[in-house]
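Enquirer: any chance you can model this:
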Amino acid sequence: MFSCRAAWQRCGPLARRAAYRLPRDVVQRRQMSSVPGGSGDNIMYTLLCSGAFVGAVVYAYNTVTSDSIRYNDRIAELNARPKTEWVPKPWPPKSRDDAEV
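Expert: Predicted coordinates:
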């Protein structure tokens, strides 16, 4: 533990000074197009992804609308069923020994 602390105190300032001397823009930055497929190379990917997105939205819309109609029909069917009056069980419950006697 002491050796690590001693090494850090001795080498830390040296490492910081060396890091500040490094040039900041060593790696050239690539210019990015602001529009997908702007260079013309990626136009097929853009069309493919756009078509898939439109298809997914249409599918989701059709599913939601058909499910809501089916849901309303199901609720109407459940409400049309005859309902029996609910009767609670007697409390405290009878044991089997009492029922046989």
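
Enquirer: please pull out the lowest mean pLDDT helix or strand from the chain.
Expert: None of the helices or strands of the chain scores lower by mean pLDDT, DSSP states H and E than helix 96-100, at a mean of 63.

Enquirer: show me where this structure has its helices.
Expert: Ranges of helices in the chain, per DSSP state H, are 2-21, 43-80, 96-100.

Enquirer: okay, now the unreliable bits of this protein?
Expert: Along the chain, the parts satisfying pLDDT under 70 run over 1-2, 18-41, 97-101.

Enquirer: same thing but at 90, please
Expert: 1-46, 63-72, 82-101 (pLDDT under 90).

Enquirer: how close does Asn72 get to Ser66?
Expert: The gap separating Asn72 from Ser66 is 11 Å, by C-beta to C-beta, to the nearest Å. The way it works is simple: take the backbone N, C-alpha and C, and place the C-beta from them, glycine included.

Enquirer: before we move on, back to that, dump the helices of the chain into CSV; add mean neighbour count and distance to Val87 as well.
Expert: Formatted as CSV, the helices of the chain follow (neighbours: other C-beta atoms under 10 Å; distance: least, C-beta to C-beta, whole Å):
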stretch, mean neighbour count, distance to Val87
helix 2-21, 9, 77
helix 43-80, 10, 21
helix 96-100, 7, 18
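
Enquirer: now render those helices as CSV, adding distance to Lys89.
Expert: Below are those laid out as CSV (distance: least, C-beta to C-beta, whole Å):
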stretch, distance to Lys89
helix 2-21, 72
helix 43-80, 25
helix 96-100, 14
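
Enquirer: so which of those helices comes closest to Pro90?
Expert: When those are compared by C-beta to C-beta, helix 96-100 sits nearest Pro90, at 11.6 Å.
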